[in-house]
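I'd like to go over a predicted model; first the sequence, then the structure.
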Amino acid sequence: MGLRLTSFSGIVTLTIRGVSSVENIQYIFASAAQQASDYSLQVTWSPPVYYSNDIPGGSPVSYQVLVADEDGEILLDTNTNHTNITVANVTDCDTFNITVTALVDQYNASSNTGYEGLGYNATITTIQDNSRTPNVTIELSCPPSKSNTFLTITSGSKVIDQYKITGTDGVVNDTRTLTMSAEYNYTIQVLDLRNKLEYKNSTIINTYLVIDVCITNTYTNGSVSVQCIYEESSTADGCHVIFTHTTTGKNESFNITGPDIATLPLPRGNYTVTVYDINNGLLFGPALYYPTLVEVVKVTPAPISSSSSIMSKSTTPLQSTISNTVSPTATETLGTETTSSTNGTIDDTNYIVHVVAGVFGGIVLLILIILAVCVGITVNKRRFRRSIVFDVRESLPGSPLHVEPVA
């Protein structure tokens, strides 16, 4: 649907009702004595320049001022009849937004502006030429005079030191002598002047005497060699090394004196390694964790046995037999067990031939024995029958002597 204007005549009057926005919002950061308690934000603006005719003349104008930080937290929310206002505890480190609303009769109009501050970042740098006397440098984006900045040094649950950083310099140095064989946590906390935590950072400094460990695991007999490396001015008695099996969780621990190289026996498998200082007979740490897993290899070859037997040739057709036996060999490499067998193919074939020949000879011998027995039985039967015939002929009186062959 469209709208077309075909003709126009007369006079049109456009009337704007209400009030215009404030103009020229400005702010400055002020401090009477360059002290944190004196910092403030001063905001000014110009009143509206337009009021509609329906606003009675001489009507009072008031202003609602809202100041909020980058998180939306309200720093100031108030009404005033003036064209300026002061916001306490705000510095050029803060980020904020200002909204000024003019209120007159039943009308209102708003205007705003913003500012992005320096921020409250803190960087901790450590130079540790001497492990017991580190030089800690703290760089602040917001000077200590415009914030509430604290440095806390702890060791375990014990607070070693805590103090507020003061001054106008954004770079602060902390140098102190620390106890050896310990770990220290340096924590910096930066709060704004309203005591809102704006930034927190920390770093770890340790004074352990063991700074590295060399581990050689190229053996195949289930052992590793270990040597602890100490910082230059070390007075440690030695180091305590713990190997923890990644599968069973079992610990194997050893004491190593000074810089000695120790060969340590271990069950095969993968291990994590933790190292402690030994100082005056006591353990301190852990001083360090070995960065990678250590694999312990243990190869145990199975014994190889060989036996030969020769049977003497008997009076029977039994063949002589020779047998050779080769035991399987077990090989274990890198935590994986592989078993390989070696078969004597030629010897096995000969063995089978000899066995078959022996069995065949036995059968032939058995047949010969059976034939011999049968022949013996047959001969005995014939003799027995012949003796019976002679006895019958002799028992008949008057019979002529006649011998018949026995079939």
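Nice, thanks for sending it over.

Pull the contacting residues for the closest residue in space to Y271 that isn't next to it in sequence.
Leaving aside its sequence neighbours, Y271 sits nearest to F243 (Cβ to Cβ, 6 or more residues apart in numbering; 4.2 Å). All C-beta atoms are positioned from the backbone trio N, CA, C, and that covers glycine. Counting by Cβ atoms under 8 Å, 6 or more residues apart in numbering, F243 makes contact with 251-254, 264, 266, 271-273, 294.

most neighbours, which of the residues you listed?
Y271 (24 neighbours; other Cβ atoms under 10 Å).

Surely it touches V294?
Yes: using Cβ atoms under 8 Å, Y271 makes contact with V294 at a distance of 4.7 Å.

what's the helix or strand for the residue nearest to Y271?
strand 238-245 (DSSP states H and E).

Can you tell me the strand partners of that strand and which way each runs?
In the sheet, strand 238-245 lines up against strand 251-257 (antiparallel), strand 269-279 (antiparallel) (DSSP bridges).

Could I get the buried residue list for it?
238-243, 245 (16 or more other Cβ atoms under 10 Å).

Quick check: mean pLDDT of that strand?
For strand 238-245, mean pLDDT is 96.

now stretch 25-39
Regarding stretch 25-39, the rounded mean pLDDT is 77.

just to revisit the earlier point, closest to D212 out of the contacts of F243?
V273 (11.7 Å; Cβ to Cβ).

Contacts only, for that closest one.
Going by Cβ under 8 Å, 6+ apart, V273 touches 213, 215, 241-244, 289-290, 294.

7 Å - rerun?
V273 makes contacts with 213, 215, 241, 243, 290, 294, as judged by Cβ atoms under 7 Å, 6 or more residues apart in numbering.

pLDDT score assigned to it?
Reading off the model, V273 has pLDDT 96.

Same check on L209?
As predicted, L209 sits at a pLDDT of 92.

same check, this time on the one 4 residues further on
Reported pLDDT at V213 in the predicted model: 95.

what comes into contact with the helix or strand where it lies?
Under the criterion of DSSP H and E, V213 resides in strand 210-216. Strand 210-216 is contacted from outside by 224-231, 236, 239, 273, 275, 277, 287-288, 290, 294, using Cβ under 7 Å, 6+ apart.

Tell me which strands it pairs with, and in which orientation.
strand 223-230 (antiparallel).

For the partner strand, which residues meet the burial criterion?
Buried, per 16+ other Cβ under 10 Å, within strand 223-230: 223-224, 226-228, 230.

who touches the closest residue to G170 other than its chain neighbours in this structure?
Computed as Cβ to Cβ, 6+ apart, the closest residue to G170 that is not its neighbour in sequence is L140, at 4.6 Å. By Cβ under 7 Å, 6+ apart, the residues touching L140 are 122, 149, 170, 190.

nearest to L66, of the residues you listed?
Ranked by distance to L66 (Cβ to Cβ), the contacts of L140 are led by V190 at 25.8 Å.

quick one: pLDDT of C93?
Confidence score, pLDDT, at C93: 96.

Need the three-state assignment for the closest residue to it other than its chain neighbours.
Nearest residue to C93, sequence neighbours excluded (Cβ to Cβ, 6+ apart): C142, at 3.7 Å. Following DSSP: H, G, I helix; E, B strand; the rest coil, C142 is assigned to coil.

Send over stretch 232-250 as PDB, restricted to the C-alpha atoms.
Taking C-alpha atoms only, stretch 232-250 is exported to PDB below (Å, rounded to 0.1, in the frame of the first residue of the first chain):
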ATOM      1  CA  GLU A 232      75.700 -23.900  42.200                       C
ATOM      2  CA  SER A 233      75.900 -23.000  45.900                       C
ATOM      3  CA  SER A 234      74.100 -26.100  47.100                       C
ATOM      4  CA  THR A 235      74.800 -27.500  50.500                       C
ATOM      5  CA  ALA A 236      72.400 -30.400  50.100                       C
ATOM      6  CA  ASP A 237      73.300 -33.800  51.500                       C
ATOM      7  CA  GLY A 238      71.700 -35.400  48.500                       C
ATOM      8  CA  CYS A 239      68.400 -36.100  46.900                       C
ATOM      9  CA  HIS A 240      65.500 -38.500  47.500                       C
ATOM     10  CA  VAL A 241      63.900 -39.900  44.400                       C
ATOM     11  CA  ILE A 242      60.500 -41.600  44.200                       C
ATOM     12  CA  PHE A 243      59.400 -43.700  41.300                       C
ATOM     13  CA  THR A 244      55.600 -44.200  41.200                       C
ATOM     14  CA  HIS A 245      54.300 -47.100  39.000                       C
ATOM     15  CA  THR A 246      51.500 -45.700  36.800                       C
ATOM     16  CA  THR A 247      49.500 -49.000  36.800                       C
ATOM     17  CA  THR A 248      49.900 -50.300  40.400                       C
ATOM     18  CA  GLY A 249      50.500 -47.000  42.100                       C
ATOM     19  CA  LYS A 250      53.400 -48.500  44.100                       C
END
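
what helix or strand is T378 on?
In this assignment (DSSP H and E), T378 forms part of helix 345-394.

If you average the pLDDT over that helix, what comes out?
67.

what would the contacts of F243 look like in JSON lines with distance to K381?
JSON lines is the format used below for these (distance: Cβ to Cβ, whole Å):
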{"residue": "N251", "distance to K381": "92"}
{"residue": "E252", "distance to K381": "89"}
{"residue": "S253", "distance to K381": "94"}
{"residue": "F254", "distance to K381": "94"}
{"residue": "L264", "distance to K381": "90"}
{"residue": "L266", "distance to K381": "86"}
{"residue": "Y271", "distance to K381": "90"}
{"residue": "T272", "distance to K381": "95"}
{"residue": "V273", "distance to K381": "96"}
{"residue": "V294", "distance to K381": "92"}
